[in-house]
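A.B. asks: got a sequence here, can you build the structure:
(one chain, ligands or ions: 1)
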Amino acid sequence: MDVAVTDHLLTTTRSVRKRLDLSRPVPKELLLDCIRVAQQAPTGGNRQGWHWLVVTDPAKREALADLYREAAGGYFEARLAALAEATGPQAQTARVYDSALYLRDHLHEVPVHVVPCLAGRVDGQPNGVAAGFYGSILPAVWSFMLAARARGLGTVWTSLHLGREQDAAEILGIPDDVSQVALIPVAYFTGTDFRPVERPPVEQIVSWDVWSDAGR
Ligand SMILES: Cc1cc2nc3c(=O)[nH]c(=O)nc-3n(C[C@H](O)[C@H](O)[C@H](O)COP(=O)(O)O)c2cc1C
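C.D. replies: Next up, the predicted model:
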């Protein structure tokens, strides 16, 4: 395995919002290829139970984008105003909110919305149950995003629409005993490549053998 290529993929797969090509259709076979890759991800007890709802219908994308916009409300504008004078890592966060605002207003134009779903619900259950449940689909979703990136497709993990999960379930015909875990907008990306972003030194977030508050 080529470590340099793998590390490049892992360190430069970014949230793509402003660089999504809204005018170029995405072939269904390419999406199926990405989901085939994602199917190799681990699940607790090999439960699998995944269902990938791939939404290309314009009316349904419009309805999901409406829910997303309603759930977001004025949150991004408020965060941007609060970070207006930000520098350093906070300036990076301000750029994320600016980009998120763009996505909020253009989500209906993104040619594909992927809603990964998992059979079951963990509403109100203990952390161990919730961790096992969500841990059984989140690696697959990230695999999907990595596979997409390798094929020239941009993605961004979004969770805001889950504030209106029931309404989205009605739009998409998702049964009551199934959980939606994200909404991933997918489109070809524009430009050539992406760069790693600034993160804190790794030592700040690692303890050896006993918890340390060094990085907090
Ligand atoms: C669990 C989760 C939920 C997220 N929800 C949203 C969202 O609703 N809308 C959005 O625009 N970005 C969302 N993001 C993307 C983050 O804002 C983004 O990953 C983060 O700012 C870092 O940017 P990068 O991925 O380019 O490094 C989410 C990411 C994760 C992991």
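A.B. asks: return the distance of stretch 139-155 from the chain's centre.
C.D. replies: 10 Å (C-alpha atoms, centre = their mean, to the nearest Å).
A.B. asks: got the buried residues for it?
C.D. replies: Using 16 or more other C-beta atoms under 10 Å as the burial criterion, the residues of stretch 139-155 that qualify are 140-149, 153-155. Glycine gets a C-beta too; all of them are placed from N, C-alpha and C.
A.B. asks: check stretch 13-27 too.
C.D. replies: Of the residues in stretch 13-27, 13, 14, 15, 16, 17, 20, 21, 26 count as buried by neighbour count, 16+ other C-beta under 10 Å.
A.B. asks: need the contact list for residue 1.
C.D. replies: Contact partners of residue 1, counting by C-beta atoms under 8 Å, 6 or more residues apart in numbering, are absent.
A.B. asks: which residue is nearest the centroid of this structure?
C.D. replies: Centroid-nearest residue in the chain: residue 157, 1.1 Å away (criterion: C-alpha atoms, centre = their mean).
A.B. asks: from residue 64, how far off is residue 133?
C.D. replies: Computed as C-beta to C-beta, to the nearest Å, the residue 133 to residue 64 distance reads 23 Å.
A.B. asks: please disregard the earlier target; I meant residue 84.
C.D. replies: Between residue 84 and residue 64 the computed distance is 30 Å (C-beta to C-beta).
A.B. asks: looking at these two, which is more packed in?
C.D. replies: The neighbour count for residue 84 versus residue 64, taken as other C-beta atoms under 10 Å, is higher for residue 64 (25 against 7).
A.B. asks: near the ligand, which residues of this protein? Just list them.
C.D. replies: Neighbours of the ligand within the chain, by C-beta under 6 Å from any ligand atom: 14, 15, 96, 100, 103, 156, 157, 158, 159, 160, 197.
A.B. asks: having no further points to raise, I will conclude here.
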